[in-house]
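# sequence first, then the predicted structure:
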Protein chains: 2
Amino acid sequence: MGGAGVTSAPGIAPGRVHLQAGEILCEQGRPALAAYPVRTGGLKGVYESQLGWRQVSRFFMPGDVPGLEAHDAPAYGISVVALQDTECCVVPIEAVQAGLANAELRAAALDIFRRQTRRQSELLIAIGSMKAAQRLAMLLLDLAGEQARRGVADSVLTLTMTRNDIASYLGLTLETVSRLLSRFRSAGLITVRHRLLRIVDEAGLAAVHADPERVTLRGPGVD
Amino acid sequence: MGGAGVTSAPGIAPGRVHLQAGEILCEQGRPALAAYPVRTGGLKGVYESQLGWRQVSRFFMPGDVPGLEAHDAPAYGISVVALQDTECCVVPIEAVQAGLANAELRAAALDIFRRQTRRQSELLIAIGSMKAAQRLAMLLLDLAGEQARRGVADSVLTLTMTRNDIASYLGLTLETVSRLLSRFRSAGLITVRHRLLRIVDEAGLAAVHADPERVTLRGPGVD
DNA sequence: CGCTTTGTTGAAAAGAGTCAACCCCGGTGG
DNA sequence: CCACCGGGGTTGACTCTTTTCAACAAAGCG
């Protein structure tokens, strides 16, 4: 981990970056020089608080644009790290600004921002007042939904992130996530093997998301 | 509760609004017609998720500008409710837009946005990975800090919000908040009586914020 | 092929939630 | 003036979820 990163380049020119798992795309607090539309792969956004707490604050998939949130800020608000082999475009900040002058593009960008902030709000609610099972169900449905929104009509998800990343994102521990996945599986809602996950019963997952009691950590599993 | 609100007016004209505790300044999802700089009083921002979960997402004090976040959105992202007698200015959305054309004002607005999003991120961290005592300590320090930032050099806070609001904001229950306040008091960190709170040992509170073990719910209090 | 990282599972402990009783205070109306 | 009422707050006992600690299995990588 802790690859050279991209920001080491003296001047940012348009182009492409290729990252391997663990390599850093951009670092929180560093000057925001570019946005990085994701072409392939996946990344996580990590926020580090003033006291040094770290938390995964979002996941980036193809089509997402890490660094775009900072378009009018002097520095990146989060660090972004590749979860797997990843290719991103590099759009210098001036180009972003220029693009945002175009009304159509600006509208699109605002739309992205809105979806993002709504997501953040839902996450806050989830972490603040939902039980572990609900949070995880929500994430799975969300990931599946995003995949669908990108045109992939497949109920099989490839989790690019570790259990630890998921746990951090959801405000849980990795053990809890692991247990919950097992329980979802034995409840017939999903199948999981390592990073490969298939949603078997989407409605059931949605029910779990809505109803805390539906699948708990203890209690009788499905025999 | 559920007063007529301000948005019932057919057209928004510049001016003032006066709200009593419980009255609604603006409602999530309704068209964003104005921003409302707070002159006196205090309000809470409430986000309602798609499944109907509600959570206090922030508090507004004099100097804050509810509705400003929505300056480029079609609708308010949260509902804002007065916690006490409150007076706000009314700045129609067009005026906001016009003002934002001014470079100086825009910089100021961006600054506000940045502080806001940083706050949200810290809140997410807090709720996601800190213990109850840490969260509450954080809130108290934050409130005191805001008060100081507004030039009030007084260690006495007047909590305009109920324990329930605090609990919702921190992702806890009101009982937990109450207990914790009592414990902080018996630990000599604060004095509380109803809505009046004095921070006695700021460094101690900061220590609690940093260290989970410092003040717990059970365990021996200070005799 | 062994080593490290990642994931699973179990048992025990702790933190926070739930349920319920009670207090305090301000307001209202007799 | 006082009794009653109700919202907000406190506190206690108990329950339950989640964390913590720990051992172990599986997979990826040199």
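Arrived safely.

# next one: the residue most central in space within chain A from residue A:37, what distance?
Centroid-nearest residue in chain A, with CA atoms, centre = their mean: residue A:59, separated by 1.2 Å. Remark: distance between residue A:59 and residue A:37 (CB to CB, to the nearest Å) = 15 Å. Bear in mind the C-beta positions are built from the backbone N, C-alpha and C, glycine included.

# which stretches of chain A aren't confidently modelled?
A:1-11, A:13, A:217-223 (pLDDT under 70).

# kindly provide the distance from residue A:28 to chain B.
From residue A:28 over to chain B the distance is 10 Å, taken as CB to the nearest CB, to the nearest Å.

# wasn't that residue part of a strand?
No: under DSSP: H, G, I helix; E, B strand; the rest coil, residue A:28 sits outside any strand and is assigned coil.

# all strands for chain A, in order.
Remark: strands assigned in chain A by DSSP state E are A:15-19, A:24-26, A:34-35, A:38-40, A:43-48, A:54-60, A:79-82, A:86-92, A:156-158, A:190-193, A:196-199.

# how about the ones you listed in JSON lines, adding distance to residue B:81?
Formatted as JSON lines, those follow (distance: least, CB to CB, whole Å):
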{"stretch": "strand A:15-19", "distance to residue B:81": "45"}
{"stretch": "strand A:24-26", "distance to residue B:81": "38"}
{"stretch": "strand A:34-35", "distance to residue B:81": "36"}
{"stretch": "strand A:38-40", "distance to residue B:81": "39"}
{"stretch": "strand A:43-48", "distance to residue B:81": "28"}
{"stretch": "strand A:54-60", "distance to residue B:81": "27"}
{"stretch": "strand A:79-82", "distance to residue B:81": "36"}
{"stretch": "strand A:86-92", "distance to residue B:81": "41"}
{"stretch": "strand A:156-158", "distance to residue B:81": "39"}
{"stretch": "strand A:190-193", "distance to residue B:81": "40"}
{"stretch": "strand A:196-199", "distance to residue B:81": "38"}
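
# tell me which of those strands approaches residue A:104 most closely.
strand A:86-92 (16.3 Å; CB to CB).

# with DNA strand D in mind, check whether that closest one reaches it.
No: Strand A:86-92 does not reach DNA strand D (CB under 7 Å from any atom of the strand); its nearest approach is 14.4 Å.

# pull out the buried positions in that strand.
For strand A:86-92, a neighbour-count test (16 or more other CB atoms under 10 Å in any protein chain shown) marks A:86, A:87, A:88, A:90, A:91, A:92 as buried.

# before we move on, what about stretch A:157-165?
Those would be A:157, A:159, A:160, A:161, A:163, A:165, for stretch A:157-165 by 16+ other CB under 10 Å.

# so which of those residues reach DNA strand D?
Checking the buried residues of stretch A:157-165 against DNA strand D (CB under 7 Å from any atom of the strand), there are no matches.

# residue A:185 and residue A:192 touch, don't they?
Yes: here residue A:185 reaches residue A:192: they are 5.5 Å apart, a contact under CB atoms under 8 Å.

# pull the contacting residues for the closest residue in space to residue A:49 that isn't next to it in sequence.
Nearest residue to residue A:49, sequence neighbours excluded (CB to CB, 6 or more residues apart in numbering or on different chains): residue B:125, at 4.5 Å. Contact analysis of residue B:125 by CB atoms under 8 Å, 6 or more residues apart in numbering or on different chains lists A:47, A:49, A:53, A:55.

# next one: phi and psi at the second one?
Backbone geometry at residue A:49, expressed as degrees, to the nearest 10, gives phi -80, psi 170.

# who touches it in this structure?
Taking CB under 8 Å, 6+ apart, one finds A:55, B:121, B:122, B:125 in contact with residue A:49.

# how many neighbours does the first one have?
This points to residue A:55. By other CB atoms under 10 Å in any protein chain shown, the residues close to residue A:55 number 22.

# that one reaches residue B:128, doesn't it?
Yes: counting by CB under 8 Å, residue B:128 is a contact partner of residue A:55 at 5.4 Å.

# now for these two: what residues contact both?
By CB under 8 Å, 6+ apart, the residues touching both residue A:55 and residue B:128 are A:168, A:171.

# and the longest helix that chain A contains, which residues are buried?
Identified as the longest helix of chain A according to DSSP state H is helix A:103-129. For helix A:103-129, the buried set under the neighbour-count rule, 16+ other CB under 10 Å, comprises A:109, A:114, A:117, A:120-129.

# repeat for stretch A:133-144
A:133, A:134, A:135, A:136, A:137, A:138, A:139, A:140, A:141, A:142, A:143, A:144.

# just the CA trace of that stretch, in PDB.
C-alpha atoms of stretch A:133-144 as PDB (Å, rounded to 0.1, in the frame of the first residue of the first chain):
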ATOM      1  CA  ALA A 133     -28.500  -6.200   9.200                       C
ATOM      2  CA  GLN A 134     -30.500  -3.400   7.800                       C
ATOM      3  CA  ARG A 135     -27.300  -1.500   7.000                       C
ATOM      4  CA  LEU A 136     -25.800  -4.400   5.200                       C
ATOM      5  CA  ALA A 137     -28.900  -5.100   3.200                       C
ATOM      6  CA  MET A 138     -29.000  -1.500   2.200                       C
ATOM      7  CA  LEU A 139     -25.500  -1.600   0.900                       C
ATOM      8  CA  LEU A 140     -26.100  -4.800  -1.100                       C
ATOM      9  CA  LEU A 141     -29.200  -3.400  -2.600                       C
ATOM     10  CA  ASP A 142     -27.400  -0.200  -3.300                       C
ATOM     11  CA  LEU A 143     -24.500  -1.900  -5.000                       C
ATOM     12  CA  ALA A 144     -26.800  -4.000  -7.100                       C
END
